[in-house]
Every structure is written in structure tokens, then in C-alpha cells.
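Peer 1: got a predicted structure here, sequence first:
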Amino acid sequence: MHPAPNNDLIKASKMASSQQPETELTLEEIHNFKGKYPKQLWYLFTVEMWERFCFYGMRGILVLFMVSEFADTMTRVDANLKYGAIQAFVYAFTFIGGIFADKILGFKKSLTFGAIMMILGNLLIAVSPHDFFFLGIALTIIGTGFFKPNISSMVGELYAEGDPRRDAGFSMFYSGINIGALCGGALCVWLGKEHGWSYAFIAAASVMLLGLIIFTFTKKHLGPIGNSPLKHLTASKRTVREIAVYIGALITIPLIFLMIKNTEYTDMFMYIIGPLALLYFFYQFFKIKDTKARKKMIAALILISFSIVFFAFFEQAGGSLSLFAADNIKHELLFFSIDPNIVNNSSNSLFVIIFSPIIGLIWLALAKRKLEPSTVVKFGMGFVFLAGAYYIFFTERLFADGDGMTSLNIFAAAYLVMTLGELCLSPIGLSMITKLSPHHLAGMMMGLWFLASAYGQYLAGLIGAGMSLPSAAATKMERLMAYTEGYHQLAIYAIIMAAVVFILSPIIRKLMQEVK
């Protein structure tokens with residue numbers, strides 16, 4: 001006879017095992033995933049999707065909001081300059097947020113802090129858009145700075161060194177960005193213009209809260225990825241340093257507030273932050289003794305420099321193109337009517353979602369035949385498409401009626417060509433920076449990539465201001481001619497940049513070494 005089982009002992013054993021803390025996933029276990037994508041990618045995909053809803057929803061209404069809400073005190077030129085300043089600070093703070101995540105907070109805590117700040121900023125604007133706009137924007141700038149570079153860095157860490165699946169992972173992650181941007185871009189414009197600006201900012205805050213909740217409940221699956229880099233310190237010392245970062249970030253709020261209100265201060269800031277970032281880059285660069293790693297960092301810096309010019313041209317969407325759509329574009333798209341600002345703020349994202357997998361398949365087919373262009377050549381192709389897009393925008397003057405109103409179909413077609421240019425650069429840009437960066441500097445290098453976007457945004461604001469006629473009394477035809485002439489100039493400069501990239505591509509390829 002077998003002895004009867006002791007039910008009390010069995011229950012006690014199960015209870016004890018259930019109370020034991022779950023063992024943290026190791027990096028090796030995460031890297032050894034089956035299939036094309038790790039499950040953690042889907043969690044980060046969802047979180048980033050909602051953050052991009054928040055960001056692009058806000059971006060799409062900034063200039064429209066300022067021109068409408070501050071019509072008595074702000075010209076279109078001022079609105080473009082402030083748009084450039086806001087976007088520049090958003091991306092500049094990603095460089096700072098990347099450094100603090102690398103050195104003190106870790107990616108997880110940095111992301112959480114950033115999300116909270118974005119939620120508070122949007123809610124503050126929603127309470128009173130006219131009174132709290134600049135204060136709320138200051139909070140969202142800080143929040144995006146701590147959030148944006150670190151989630152991209154965590155995606156990079158899901159893959160082992162040399163894993164060929166990394167590019168596919170970043171492409172999927174990039175599609176998540178654009179699903180959020182599509183929804184946020186369309187909904188926030190519709191809410192703001194049709195129902196009131198407060199509703200647009202409430203929507204942005206709500207989805208960011210949803211993203212934070214998802215991250216809070218799924219971050220355990222990231223294992224050691226994004227943990228504190230100060231594990232070697234005692235808990236009390238870590239806490240002191242982390243609190244110091246949070247306080248330092250909050251102290252910058254009045255400074256950002258002043259610099260956005262007065263864009264002359266923004267100019268001073270941009271003249272300072274870039275050289276300081278380069279000094280820090282070279283400080284870290286000369287600490288590295290490995291010659292191969294140094295060459296890769298120089299290659300990354302050159303590609304980052306190209307991206308400044310690309311985004312200066314590309315990021316007219318939230319500025320001059322937003323006003324162009326509102327002033328001069330008809331509402332008829334194919335066989336239906338739609339607000340041209342919704343098309344302006346969401347068509348790029350829609351085209352990315354549609355064409356990103358197609359472009360990916362084209363690269364794979366070319367790779368099988370050993371004909372795939374190098375990353376540097378793809379950068380050059382991006383400028384070629386950008387030149388084509390702005391030439392199409394320039395031709396809008398040929399389709400205008402006597403009142404200066406022109407075709408939404410041509411407008412959307414130009415965005416399609418522009419999107420093809422973006423797909424040659426942006427998805428591979430994120431992946432390339434992680435490949436070329438030393439592991440311990442991943443956050444800084446990703447921040448530097450976004451800092452380049454800051455300079456692109458800053459220059460985009462200056463370019464947009466140059467196209468905007470300061471007189472509120474300007475006719476629609478006068479505005480049409482001013483905008484389209486500006487786009488003609490951008491087309492010329494973009495094709496010149498393409499030639500420069502193609503000429504330098506062999507040198508940059510040598511610096512990149514085994515990285516394709």
C-alpha cells in the first residue's frame with residue numbers, strides 16, 4: 001500500500017513556491033527567442049504607438065493652435081519660429097535624457113518619468129489652452145526627452161550582437177510609431193478644429209496614460225534590459241542620484257518656458273547645446289582605445305550630420321505645410337471631401353504603414369541578388385525622393401484657381417514621394433545607430449541621433465518662417481506663390497545633398513567596416 005498523501009504538506013509546498021519571486025529573465029534567454037520577433041518587441045511596440053499618438057497629435061496642431069489661439073499677438077512667422085523651437089527642444093532633450101538614462105536612471109525609470117511628465121503637460125494645456133500652453137509644452141518637452149531615446153535603445157538590446165533579425169525588428173517597431181502617428185494626427189486635428197483644442201490635448205494625455213499602464217505591467221518581461229546602471233551602489237545612494245535627476249529636470253521648466261516664449265533665447269541655446277554635445281561625444285570617443293569602434297563612431301557621426309539636413313527639409317509638415325494646407329488646399333481628395341490638415345498630419349504615417357513592408361521586401365529581393373544598396377546609398381536615395389516631393393509641391397501653383405486654392409490630390413501625391421524618401425532613411429537610421437554604437441554609449445548615441453533631429457526641427461522652423469508672409473492681409477494667391485517658391489528652393493538643395501552623399505559613400509562604407 002502506498003501511504004496517503006499529506007494534503008497539508010502539498011498545500012504548504014504550493015503556497016511557498018507561489019510566494020517565491022519570479023526569477024528575472026536573463027539577456028541570453030531574451031536573445032534566444034524563436035521566430036522573427038521577440039515577444040518583448042510587441043510590448044514596446046504598443047507603448048511607443050501610444051506615445052507617438054500623443055506626440056504627433058500634439059505636433060499636428062501646434063501651428064494651427066498658435067495661429068488661432070494667439071491671433072492677436074502672434075504672426076505666422078512667429079508661429080513657425082515657435083514651432084521650430086518647441087520641436088528643437090523636444091529632440092534636444094532626448095540627448096540629455098539618453099545620457100541620464102545611460103549613467104543614472106536606466107531606461108525603465110527614465111521612460112516612466114518621461115511618460116508622467118507628458119501626461120501632466122497635456123492635461124495642463126487642456127485645462128486652459130490659452131493660459132497654460134507654454135507651461136504645458138515645457139513639461140511635454142522634458143517628458144519626451146526622457147522617453148523617446150530610451151525605448152528605442154531597449155529595442156536594440158532585445159537582439160544579440162550581429163543578429164540579422166534586428167533590422168526587421170526596428171522596421172516593425174517603426175510601423176508601431178506610424179500607427180500611433182496616423183491615429184493621433186487625424187484625431188487630434190479633428191478634435192481641435194471641430195470641437196475645441198482642450199479635447200485634442202485630453203486625447204493626447206489619455207493615450208499616453210494607457211501607454212504608461214501597459215509598460216508598467218509588461219516591463220518585467222524585459223529582464224535586465226533598462227535596469228539601473230548603478231547596481232554597484234547601495235540603494236540609498238542610487239535613490240539620491242535619481243532624485244537629483246528628477247529635481248534637475250523640473251528646475252529646467254522655467255528656462256524652457258522662457259526660451260519658447262522668446263525664440264531669440266532658443267537661438268542661443270541651439271548655438272550652445274550642439275558644440276557641447278560634440279565635446280561630450282569626443283570626450284567619450286577618445287576614452288575608447290579600440291580603433292574599429294572609433295571608426296564606427298565617426299561613421300555614425302557623419303550619418304547623423306546628414307540627417308540634420310534631411311529633417312530640416314522633411315519636417316515642414318507641422319509648420320509651413322500645415323499653414324499651406326489650411327490656406328491654399330481644397331477639401332476634395334479623389335471622390336470625397338476631407339480637411340486638408342488631416343491629410344497633412346496623417347498621410348505620411350498612412351503611406352509608411354502601407355509601403356514600409358513593400359520597401360522591406362524590395363531590399364530583401366535585392367539582397368538575395370547581392371544588389372541591395374548600402375545604408376549610405378539609401379541615405380542619398382532619401383534626398384532624391386525628398387527633392388522629387390518638393391518639386392511636386394512646387395507644381396501646386398500650376399493647378400491653382402483664381403482664388404489661390406489648389407489640388408489636395410497633388411498635395412497627397414507629394415507626401416507619397418516624401419514618404420518613400422523617409423523609408424530610405426529613418427527606419428534604418430535607428431537600427432544603424434545601435435549597430436555602430438558601443439554598448440555602454442547606446443543611449444548617448446541614440447540621443448545624439450535625436451539631437452540631430454532637434455537641429456533639423458530648428459532649421460525647419462527657420463525655413464518655414466522664411467516662406468510665411470508676415471502680413472495677415474496677404475491674399476491666398478500671394479501665400480500660394482510664397483510657399484511654392486520655398487518648396488522649389490528645397491527641391492534644389494535636396495538634390496545637391498544627394499550628390500554629396502553619393503560622392504562620400506565609399507569613404508563612409510570603409511569606416512562602417514563589417515556593418516552593412
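Peer 2: Sure thing, it's come through. Residues are numbered from 1 along each chain as shown.

Peer 1: residue 332 contacts residue 406, correct?
Peer 2: No - counting by CB atoms under 8 Å, residue 332 stays clear of residue 406, with 11.0 Å between them. C-beta here means a position set from N, CA and C on the backbone, and glycine is covered the same way.

Peer 1: just want to know which of the two has more residues nearby.
Peer 2: Shown here are residue 332 and residue 406; by other CB atoms under 10 Å, residue 406 has more neighbours (22 against 13).

Peer 1: send me stretch 410-417 as PDB with only the CA atoms.
Peer 2: Taking Å, rounded to 0.1, in the frame of the first residue of the first chain, the C-alpha atoms of stretch 410-417 are listed here in PDB:
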ATOM      1  CA  ILE A 410      -1.300  66.700 -55.900                       C
ATOM      2  CA  PHE A 411      -0.600  67.500 -52.200                       C
ATOM      3  CA  ALA A 412      -1.200  63.900 -51.200                       C
ATOM      4  CA  ALA A 413       0.900  62.600 -54.100                       C
ATOM      5  CA  ALA A 414       3.800  64.800 -52.900                       C
ATOM      6  CA  TYR A 415       3.500  63.200 -49.500                       C
ATOM      7  CA  LEU A 416       3.700  59.800 -51.000                       C
ATOM      8  CA  VAL A 417       7.000  60.600 -52.700                       C
END
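
Peer 1: got the contact list for that stretch?
Peer 2: Stretch 410-417 is contacted from outside by 325, 329, 333, 340, 343-344, 347-348, 351, 385, 388-390, 392-393, 395-396, 399, using CB atoms under 8 Å, 6 or more residues apart in numbering.

Peer 1: rerun at 10 Å
Peer 2: Applying CB atoms under 10 Å, 6 or more residues apart in numbering, the contact partners of stretch 410-417 are 317, 321, 324-325, 328-330, 333-334, 338, 340, 343-344, 346-351, 354-355, 384-396, 398-399, 407, 422, 487.

Peer 1: could you give the mean pLDDT of it?
Peer 2: Averaged across stretch 410-417, pLDDT comes to 94.

Peer 1: pull out the buried positions in that stretch.
Peer 2: 411-417 (16 or more other CB atoms under 10 Å).

Peer 1: can I get the residues you listed in JSON lines with secondary structure and distance to residue 237?
Peer 2: As requested, these are exported to JSON lines (DSSP: H, G, I helix; E, B strand; the rest coil; distance: CB to CB, whole Å):
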{"residue": "411", "secondary structure": "helix", "distance to residue 237": "56"}
{"residue": "412", "secondary structure": "helix", "distance to residue 237": "56"}
{"residue": "413", "secondary structure": "helix", "distance to residue 237": "58"}
{"residue": "414", "secondary structure": "helix", "distance to residue 237": "55"}
{"residue": "415", "secondary structure": "helix", "distance to residue 237": "51"}
{"residue": "416", "secondary structure": "helix", "distance to residue 237": "54"}
{"residue": "417", "secondary structure": "helix", "distance to residue 237": "54"}
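
Peer 1: now those residues in a markdown table, with distance to residue 77?
Peer 2: Formatted as a markdown table, the buried residues of stretch 410-417 follow (distance: CB to CB, whole Å):
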| residue | distance to residue 77 |
| --- | --- |
| 411 | 22 |
| 412 | 27 |
| 413 | 28 |
| 414 | 23 |
| 415 | 24 |
| 416 | 29 |
| 417 | 28 |
